[in-house]
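A.B. asks: Dropping a prediction and its sequence here:
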Amino acid sequence: MKKKDLSYYTLLVIFMILASVVFTQTPHKILSWDIFGYYLYLPFTFIYNDLGLKDFAIVQGIIDKYQNTGSFYQALQMPEGIWVMKYPMGMALLYLPWFFVGHLWALLGGYDMDGFSLPYQMSLLYGSFVYTIAGLIIFRKSLLRFFEPLVVSIVLLSIVFGTNFLVLMVFHGQGLMSHNYLFFLFSLVLWFTIKWHEKPSLKYAAGLGAAIGIAALSRPTEILVAGIPLLWQVYDLKSLNAKIKLMKVRWKDILLTGILIVFFGSFQLVYYKVVTGKFLFNSYGGNAGEGMEFLRPFIWQFLFSYRKGWLLYTPLMALSLIGFIFLLKYRKQIFFSIFLFFLLSFYVMASWSCWWYADSFSQRAVIPMYVFLTIPLGMFVAHVLKKTLWIKIPFFLLVISLMALNLFQSWQFLHGMIHSSRMTKEVYHATFLKKWVAPEMKDMLLLDRNQTPEQILQSGRKFNSRLLVLQHYEQEGILADSSIIPSSGNKMVKLTQENPFSPFFEISYNDITDKEFGVLRIIASVFITQPVEKNPFFITAAFMHNGYAYQYKNTGFSIDQLNVNQWNKIEMYYLTPEVRNPDDFLRINIWLKGVNPIYVDEVKVEVFEPVN
């Protein structure tokens, strides 16, 4: 029997600590928000037989019963009434065993077999922890190929307790998120890469193909991890030629890996074909406000911002980045595969317009990459261990201090002192190393965008207002007739069933405000000839990005608000979104949905900007 080393017992202690959290801190809502979206494939395939969500009453009934989400953003509605899942199905595939466990549990225990009752929730919660354990076990095995047990123990403790790994794996049901499963899959990629290069075989090639394929099926950009085995042991022209020669000799292995990647990727294409009739479909198309900004990446914000800077909230990982120097020095055979993968993945993550990745502690998208970033960190630790005590002591005091800082800030995060998405410089410094936060600090956070524009204006904050536009339609309007006189000027706009939209007013975000946000007050004069309930119309506003709208809002009116056969003042308040690009522009107009004409005159737009 193989003797157990220090790293084994270190990992055992880690498991005990993580398990104590998972089994004592049960989240209130497990299958909710993004997880709800990942999971929907399973109950609507195996229970409701309705992958297109055609009977939306079932979805609404589930949401009403279990409060899974505030709004149903997890799918995109098509004109023909079907819904297309927003998220790819890789996570559902990984959830599948635990879904069946939950289904059996519900059957035997007499619970509702609706896919969302307690057995399904608990099965997925504990099943996700199985993936966490498996990922760490495989991760440790790979690290032992590079380092002695002492180094492995140090880096395991550093990753688990010195980064956002702890909070985002076992607290609040975050283990059901993609980063946990991708950490497991990346651990497999590293392990099979090592094994295949030690002794090439079809079984290791199959393992690589399955791990990479499912990772890409879970988050398409993770196809980049294929660069790890592809460039492993390539560091100069000679090694490149040797790698090409090896791949030619083992062409069956390479073919099998490629086939499996394509096989798993085809699942999503088949789903799109079945539901939409097309193999390729942009399931994120319902929100033009999110997407990749490759020409304008948010590198500084991603790394250092007070809102969610990775190295600000997870400073220990700066040692890993420094460790690339020692990885190049001691293991140049694997340096380029890991370094290039890190650069490309980091660039992709920092290019997503929602670069703070919603609610989390530090940058959750980086967690799967810790599998590979731990290797340069380990090289740094191993290098220091060869030095004198005068170097070792300060270094490990720094490591311990950074771990302690992370644990304390994790505690602050879990107790609401570090906000999950709205942190600012002022709040960070006011709460740094503090066990409490003054009530007034909440007013120094970034804006709570769950509020209505009216609530924001009435919140007690100070605002400056200014006029953005005053439009009388003197150029494009029609002249008054004997029955209807414009409310101002000489012309007005007539909206009819054939011409239901008033001329658009457009202005870029840069021209609206240079602040975090602005609240717009849109006022128009309208003359109606029929009661509004018989002839509805709306003020509409939306931001536009490359011809597509986001943050769309419209406001209709009631019979109590408007008088027939006279001019009426109507208004709508609009909160600017977190724009995808500052050059995106706001488009405002009046839309007649009814069949009888209405007349529009004097549209005015004011902006209320917060006073710093």
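C.D. replies: Everything's here; your move. Keep in mind that what you see is a predicted model, and the values were worked out from it rather than measured. Residues are numbered from 1 along each chain as shown.

A.B. asks: If I look at residue 478, what pLDDT would I see?
C.D. replies: Per-residue pLDDT puts residue 478 at 69.

A.B. asks: And residue 601, by the same measure?
C.D. replies: Residue 601 carries a pLDDT score of 89 in this model.

A.B. asks: Once you drop chain neighbours, what's closest to it?
C.D. replies: residue 492 (4.1 Å; C-beta to C-beta, 6 or more residues apart in numbering). Any C-beta I mention is one placed from the backbone N, CA and C, and that applies to glycine too.

A.B. asks: Return the helix or strand hosting the one you found as CSV; C-alpha atoms alone will do.
C.D. replies: If you go by DSSP states H and E, residue 492 is part of strand 491-495. Provided in CSV are the C-alpha atoms of strand 491-495 (Å, rounded to 0.1, in the frame of the first residue of the first chain):
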residue,chain,number,x,y,z
LYS,A,491,-46.4,72.2,-36.6
MET,A,492,-47.0,68.8,-35.0
VAL,A,493,-46.7,65.1,-35.8
LYS,A,494,-49.6,63.0,-36.7
LEU,A,495,-49.4,59.3,-35.8
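
A.B. asks: which residues are in contact with it?
C.D. replies: Residues from elsewhere that reach strand 491-495 (C-beta atoms under 8 Å, 6 or more residues apart in numbering): 472-474, 476-480, 484, 486, 501-503, 527, 537, 590, 592, 597-601.

A.B. asks: Check stretch 224-241 too.
C.D. replies: With C-beta under 8 Å, 6+ apart as the criterion, stretch 224-241 contacts 186, 189-190, 192-193, 196-197, 208, 212, 215, 242-243, 257, 261, 332-338, 340-341, 344-345, 348, 372.

A.B. asks: Now, of those, which are buried?
C.D. replies: When neighbours are counted using 16 or more other C-beta atoms under 10 Å, these contain these buried positions: 186, 189-190, 192-193, 196-197, 208, 212, 215, 243, 257, 261, 334-338, 340-341, 345, 348, 372.

A.B. asks: So which of those residues are in strands?
C.D. replies: With DSSP state E as the criterion, strands contain none of the buried ones among the contacts of stretch 224-241.

A.B. asks: mind giving me the domain ranges of the protein?
C.D. replies: If you go by automatic domain parsing, the domain ranges for the chain are 6-282+296-414, 453-610.

A.B. asks: The nearest residue to residue 129 once chain neighbours are set aside: what's it in contact with?
C.D. replies: With C-beta to C-beta, 6+ apart as the criterion, residue 129 has its nearest non-adjacent residue at 4.9 Å, and that residue is residue 22. Going by C-beta under 8 Å, 6+ apart, residue 22 touches 125-126, 129, 170, 175.

A.B. asks: Residue 301 now?
C.D. replies: Going by C-beta under 8 Å, 6+ apart, residue 301 touches 307-309, 350, 355-356.

A.B. asks: let's see 10 Å
C.D. replies: 307-310, 350, 355-356 (C-beta atoms under 10 Å, 6 or more residues apart in numbering).

A.B. asks: Same check on residue 458?
C.D. replies: Residues near residue 458 by C-beta under 10 Å, 6+ apart: 451-452.

A.B. asks: what does the model give it for pLDDT?
C.D. replies: pLDDT, residue 458: 96.

A.B. asks: got it, and the one 4 residues further on?
C.D. replies: According to the model's per-residue confidence, residue 462 sits at a pLDDT of 94.

A.B. asks: Quick check, it in contact with residue 612.
C.D. replies: Yes: between residue 462 and residue 612 there is a contact at 9.2 Å, judged by C-beta atoms under 10 Å.

A.B. asks: Now do the SS call for residue 568.
C.D. replies: Judged by DSSP: H, G, I helix; E, B strand; the rest coil, the three-state class of residue 568 is strand.

A.B. asks: So which residues of the stretch 201-350 of the chain form helices?
C.D. replies: For the stretch 201-350 of the chain, the helices defined by DSSP state H, counting those that start in this stretch occupy 202-218, 227-231, 237-249, 251-276, 299-304, 310-313, 317-330, 332-351.

A.B. asks: what distance separates the start and the end of stretch 319-338?
C.D. replies: 16 Å (C-alpha to C-alpha, to the nearest Å).

A.B. asks: how about residue 66, what does it touch?
C.D. replies: Shown in contact with residue 66 (C-beta under 10 Å, 6+ apart): 29-32, 36, 114-117, 121.

A.B. asks: Next, the buried residues of stretch 27-42.
C.D. replies: Neighbour-count burial for stretch 27-42 [16+ other C-beta under 10 Å]: 27, 30-42.

A.B. asks: next one: stretch 78-90
C.D. replies: Using 16+ other C-beta under 10 Å as the test for burial, stretch 78-90 gives 82-90.

A.B. asks: Looking at the residues you listed, which is nearest residue 546?
C.D. replies: When the buried residues of stretch 78-90 are compared for distance to residue 546 (C-beta to C-beta), residue 86 wins out at 19.3 Å.

A.B. asks: wait, the closest one sits on residue 73?
C.D. replies: Yes: between residue 86 and residue 73 there is a contact at 7.0 Å, judged by C-beta under 10 Å.

A.B. asks: what do those two both touch?
C.D. replies: Common neighbours of residue 86 and residue 73 (criterion: C-beta under 10 Å, 6+ apart): 34, 37, 286-287.

A.B. asks: circling back: let me have the contacts of residue 66 in a markdown table, adding secondary structure as columns.
C.D. replies: Shown next, in a markdown table, are the contacts of residue 66 (three-state DSSP):
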| residue | secondary structure |
| --- | --- |
| 29 | coil |
| 30 | coil |
| 31 | coil |
| 32 | coil |
| 36 | helix |
| 114 | coil |
| 115 | coil |
| 116 | coil |
| 117 | coil |
| 121 | helix |
